[in-house]
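Undergrad: The following block contains a protein sequence and its predicted model.
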Amino acid sequence: MDLRAIAAMPTDAEREAVDGVLGPAGEDLPTGLRAAKTHRTLLLPGLHALQARLGWVSPGGLGYLCGRLGVPPAEGYGVASFYGLLSLRERPAAFAHVCDDIACQVAGAEQLCAELTARLGPAEHLPHRADAPTSATRTAARWMRSPCLGLCEHAPAALVSVAGPEPRACAFGRASVARIEAALLGARPDTPETLLGGEGPRRLLARAGAVDPSSLTDYQAHGGQRALRCALELGPAAVLREITDAKLVGRGGAAFPTGRKWEAVARAPEQPHYVVCNADESEPGTFKDRVLMESDPFAVLEAMTIAGFATGAERGYLYIRGEYPLATGRLAHAIRLLRGEGLLGPDVLRSGFAFDIELRSGAGAYICGEETALFNSIEGFRGEPRNKPPFPVQSGLFRKPTAVNNVETLVAVLDVIRDGAAHYASVGTAASPGTKLFCVSGRVGRPGVYEVPFGTRLDALIQLAGGVAPGRRLQTVLLGGAAGTFLTPDELTVPLSFEDTRKRGASLGSGVVFVIDDTVALSPLLRRLAAFFRDESCGQCVPCRVGTVRQEELLARLATGGSFESRNAELALLDELGQAMRDASICGLGQTATLAIQSALAKFRPHSGAKP
Amino acid sequence: MTQPAVELSVDGASVTVPAGATLLRACQAAGVDTPTLCWAENLTPVNACRICVVEVEGARTLVPACSRVAEPGMTVLTDSPRVRLSRKLVVELLGSSVDMSRSAEFSRLVSRYGAQPERFGPKALTVAQPVKLDNELFVRDFARCMLCYKCVEACGTDAQNTFAIALAGRGFEARIATEHDVALPDSACVFCGNCVGVCPTGALVFKTEHALRAAGEWRESEQTVTDTICPYCGVGCTLSLRVQDNTIVRVTSPSDSSVTQGHLCVKGRFGFSFVEHSGQHKP
Ligand SMILES: Cc1cc2nc3c(=O)[nH]c(=O)nc-3n(C[C@H](O)[C@H](O)[C@H](O)COP(=O)(O)O)c2cc1C
Ligand code: SF4
Ligand code: SF4
Ligand code: SF4
Ligand code: FES
Ligand code: FES
């Protein structure tokens, strides 16, 4: 391989940042293709370190990082330019990402952005926008718009990072110009506690809010580590049986039976096996995993350990979105404590079982929540989904058998193992046993995370959350997320279970319940959803790369009345486009990118000229 | 050991292919003409363009024939309404965003599927952009780039192992780039021209060809192609020399050549144009 070094010599700061991840340069990493394959997984951590130290990924820093890892600079650049949180243009050290996604939009994000423009100057263009300045352009912008930051219950939200030798990052809700400015100067604006509500037994949220998330002792005092001890006693086969008997279904959106997934990995002849916790949570309106990780980090790690034990893996990766600094910090602290106490490491609880967990941060890419894109991201490649088959249980992380699960799915495992499958199924429906977390946001009295048994009616859940404000009328509910379904007020009697929603052409998705009252205009909301998919498409396949742009253009024409054809012709075109995207796109993003929008256009006439 | 065979049905006909063969191969065996754009005999499939999708009974979505491995008992439909609709839309989406006018295969697909790229309106966003002229040997006209990944593969593990170019950016702004978009002569590029050799849309073209086309003097009907063996070293690569008015206007190598698999080095690819234009290797 002929790797030409990027001309610029690294500065001391660039070296420090990279060496902080890779170790001192003296003990140079071996070069050559074979080595590049093993060390390449350090590419994204290295890019993060440069971004945190300098506020951007500079040519000198990228060249030095690529040189040490044996990664071709063009590929390093290709990876860096994939992520929304990494800048390839020089920026001020203090920088704000301001959410203008759906929940923040209805909480006044446009007003906030206008005020910010007046106060801080214009926003930086998204780096991947067609009209963005060329990469050589220097920018002095101090903020940019962002997709959902997973703080929807406290909308509007912002994420502020301050680069330097001791970098800081802080995500907070109730964002205002004053709070954002204070954060840019180094303050940490507080965010109120998230409201935890629900009905029936509290399982997933059993410890949240009650336990000290920084104390292993307190976790154990609240029953922590009992499930792991049970699992070690039961043995892998019995653990698998309990999970299968409990009919545990994945909570990441695809609704796949967890038992079947784990059994397939456990049986896979190829070694080693891996477990991955998918904590990328970037579906607009979703924040339940953040709340679980912030309030009960040891539980997530305990469940990953059980997953490793059951599937025969010695290593787990927890991939958390880069926009969650608080959860990341708490998990890192928890992992250190667990290692110190022998609950992670070469001999877990002196059982002879070896297991350790590595924490990896995403860098601003919704698509990296798709399981195969997530593997590519960890491996140091662009977060482009892979074609399936082969499925992750055969060929996943590092092309090895991998069990990947959502945070909530894993936390549910603890209850199944500790109390048994029968007890687990004592609430919920026959096909969807147990409880489920919902992220209720939008125009409701008490937005927050709600735990209810599967089968609870949607209107009952909305009542638990306070309903819409007095005197207001509920207009519609977006159920499931950006790839979910808009429901009419008549449809809110639907029981929240996998089977009942499926019967009505909807899905639980990632547990989003986004409530919209009659004060909200649907048209800008739909356009924001379309913009989300367009911005977050990885760009790999034609139906999605171009199709998401065409959908966005079509909605713009409908909204502004600039239709070159009749409304019906436009809707017919969207129908065909949606069908082709569903059928021919590589992954779930493109396959579902038109669903919510089509459901709204079919049920409402948000662009027909009259009031929404 | 002989490979076990796989039997499946393609459009109602029973076909048998070796284990591990793709559905594309099965379609060929059944005599079905399956379009491809991002696939090539001599490159690893990336299944990105999706023009080759077919319907497999029982599958939720369509599957890419170019990379999906045939399984025993599969029932494959290659011309169902779903397949035709998706292929038509892929053609329309590409045609409305990329200048595909230099691809004969693409024009054929436009008629075959009755595609109307203009359906997306006169203001449909495109990848139109100025031509990149930064070296003496070839130009990069990315308004014609359909992101088939072929050049990246040819520059990387599939042929050249130079890794001078890669995908950068995301979504509609994804593009082929060097690190920080530096000019090719400042990158790792060794000017083997293998990327030019595999580009299906004319986004990457030799400078001679680009100049002739710009001057309106590119006359394909008057050109002849002659195969010869490259004289520069002992490897013995087959060269196909395309000649117009006694000038070599394009040098390629057959992709089924056992020596080259279609790929060459800078000497074979550009050695002749050095002679004629006395240009330099690196500008
Ligand atoms: C575009 C896209 C984004 C996704 N994002 C997430 C995510 O943020 N978190 C998650 O758990 N699953 C996400 N998924 C689903 C994962 O691919 C995978 O199915 C899931 O992590 C499996 O875990 P489960 O079985 O516990 O649900 C996403 C899927 C797609 C197509
Ligand atoms: S569907 Fe979209 S996100 Fe998924 S692989 Fe294709 S372009 Fe990428
Ligand atoms: S000419 Fe050769 S080295 Fe240069 S970009 Fe093309 S394939 Fe890569
Ligand atoms: S430049 Fe040509 S070969 Fe490269 S991706 Fe674009 S169309 Fe394909
Ligand atoms: S934090 Fe703004 S929409 Fe979720
Ligand atoms: S030829 Fe199969 S996806 Fe492009």
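TA: Cool, the structure landed. Ligands and ions are numbered 1, 2, ... in the order given.

Undergrad: of all the residues in the stretch 101-250 of chain A, which ones are close to ligand 1?
TA: A:Gly250 (Cβ under 6 Å from any ligand atom). (Glycine included, C-beta is placed from N, CA and C.)

Undergrad: tell me, how many neighbours does the residue in the stretch 101-250 of chain A positioned nearest to ligand 1 end up with?
TA: Nearest residue of the stretch 101-250 of chain A to ligand 1, counting by Cβ to the nearest ligand atom: A:Gly250, 2.2 Å away. Around A:Gly250 there are 20 other residues, counting by other Cβ atoms under 10 Å in any protein chain shown.

Undergrad: Tell me how far it lies from A:Glu451.
TA: 17 Å (Cβ to Cβ, to the nearest Å).

Undergrad: any idea of the pLDDT on A:Asn568?
TA: We have a pLDDT of 89 for A:Asn568.

Undergrad: Which strand or helix spans it?
TA: Here A:Asn568, judged by DSSP states H and E, is contained in helix A:567-584.

Undergrad: Over to A:Phe533?
TA: Per DSSP H and E: helix A:522-536 holds A:Phe533.

Undergrad: Could you tell me the angle between that helix and helix A:567-584?
TA: 30 degrees (axes from the mean of the first three to the mean of the last three Cα atoms, to 10 degrees).

Undergrad: For the residue positioned nearest the centre of chain B, grab phi and psi.
TA: The centre of chain B sits closest to B:Pro200, judged by Cα atoms, centre = their mean, with a distance of 3.6 Å. The phi and psi values for B:Pro200, taken as degrees, to the nearest 10, are phi -90, psi -10.

Undergrad: How is the chain divided into domains?
TA: Reading this off chain A. Listed by automatic domain parsing, the domain ranges of chain A are A:12-80, A:94-125+A:140-184, A:197-424, A:435-517, A:522-603.

Undergrad: that's the wrong chain, I wanted chain B
TA: B:1-125, B:138-276.

Undergrad: do the helix holding A:Asn568 and ligand 2 meet?
TA: No: Helix A:567-584 stays out of contact with ligand 2 when judged by Cβ under 6 Å from any ligand atom, the minimum separation being 7.6 Å.

Undergrad: and for that helix, what are the contacting residues?
TA: Contact with helix A:567-584 is made by A:541, A:543-544, A:547, A:550-551, A:554, A:557-558, A:563, A:565, A:590-595, A:597-598, A:601, A:607-608, B:50, B:53, B:61-62, B:82, B:85-86, B:88-90, B:119-120, as judged by Cβ atoms under 8 Å, 6 or more residues apart in numbering or on different chains.

Undergrad: what about the residue in the stretch 51-200 of chain B positioned nearest to ligand 5, how many neighbours?
TA: Ranked by Cβ to the nearest ligand atom, the top residue of the stretch 51-200 of chain B for proximity to ligand 5 is B:Gly171, at 19.4 Å. When counting by other Cβ under 10 Å, one arrives at 24 neighbours for B:Gly171.

Undergrad: Equivalent analysis for B:Ser111, please.
TA: 9.

Undergrad: what's the answer for A:Pro24, then?
TA: So A:Pro24, with other Cβ under 10 Å, has 9 neighbours.

Undergrad: so how far is A:Arg15 from it?
TA: From A:Pro24 to A:Arg15 the distance is 10 Å (Cβ to Cβ).

Undergrad: same question, A:Val407
TA: On the measure of Cβ to Cβ, A:Val407 and A:Arg15 end up 36 Å apart.

Undergrad: Quick check: residues of chain A near ligand 2?
TA: A:367, A:385, A:537-541, A:544-545, A:585-587, A:589-590.

Undergrad: Can I get the buried part of those as one ChimeraX selection?
TA: In ChimeraX syntax, the buried subset of the residues of chain A next to ligand 2 is picked out as below (16 or more other Cβ atoms under 10 Å in any protein chain shown):
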select /A:367,385,537,538,539,540,541,544,545,585,586,587,589,590
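
Undergrad: mind listing which of the residues of chain A next to ligand 2 are in helices?
TA: A:Cys544, A:Arg545, A:Leu589, A:Gly590 (DSSP state H).

Undergrad: Between those, which sits nearest A:Tyr83?
TA: A:Leu589 (15.8 Å; Cβ to Cβ).

Undergrad: Leaving out sequence neighbours, find the closest residue to residue 154.
TA: Here I'm looking at chain A. The shortest distance from A:His154 to any residue other than its chain neighbours is 2.2 Å, reached at A:Gly173 (Cβ to Cβ, 6 or more residues apart in numbering or on different chains).

Undergrad: wait, chain B
TA: Using Cβ to Cβ, 6+ apart, the closest residue to B:Ala154 is B:Asn194 (4.2 Å).

Undergrad: Report the contact partners of the one you found.
TA: Here B:Asn194 is in contact with B:Ala154, B:Cys155, B:Ala159, B:Gln160, B:His263, B:Leu264, B:Arg269 (Cβ under 8 Å, 6+ apart).

Undergrad: A:Ala422 too?
TA: Here A:Ala422 is in contact with A:Asp245 (Cβ under 8 Å, 6+ apart).

Undergrad: I'd like to know how far the nearest residue to A:Leu474 once chain neighbours are set aside sits from ligand 6.
TA: Distance criterion Cβ to Cβ, 6+ apart; nearest residue to A:Leu474, sequence neighbours excluded, is A:Val468 at 5.0 Å. Per Cβ to the nearest ligand atom, to the nearest Å, A:Val468 is found 47 Å from ligand 6.

Undergrad: and A:Val468, backbone torsions?
TA: phi -80, psi 160.

Undergrad: Spell out which residues of the stretch 101-250 of chain B are next to ligand 4.
TA: Going by Cβ under 6 Å from any ligand atom, the residues of the stretch 101-250 of chain B near ligand 4 are B:145-151, B:176, B:198-199, B:201, B:203-204.

Undergrad: Now restrict the residues you listed to buried residues only.
TA: Using 16+ other Cβ under 10 Å, the buried ones in those are B:145-151, B:176, B:198-199, B:201, B:203-204.

Undergrad: Neighbours of B:Leu85, how many?
TA: Neighbours of B:Leu85 using other Cβ under 10 Å come to 18.

Undergrad: List the contacts of it.
TA: Contacts of B:Leu85 (Cβ under 8 Å, 6+ apart): A:Glu576, A:Gln579, A:Ala580, A:Asp583.

Undergrad: which intervals of the stretch 501-612 of chain A have sub-threshold pLDDT?
TA: A:606-612 (pLDDT under 70).

Undergrad: Alongside ligand 1, which residues does it contribute?
TA: A:Cys587, A:Gly588, A:Leu589.
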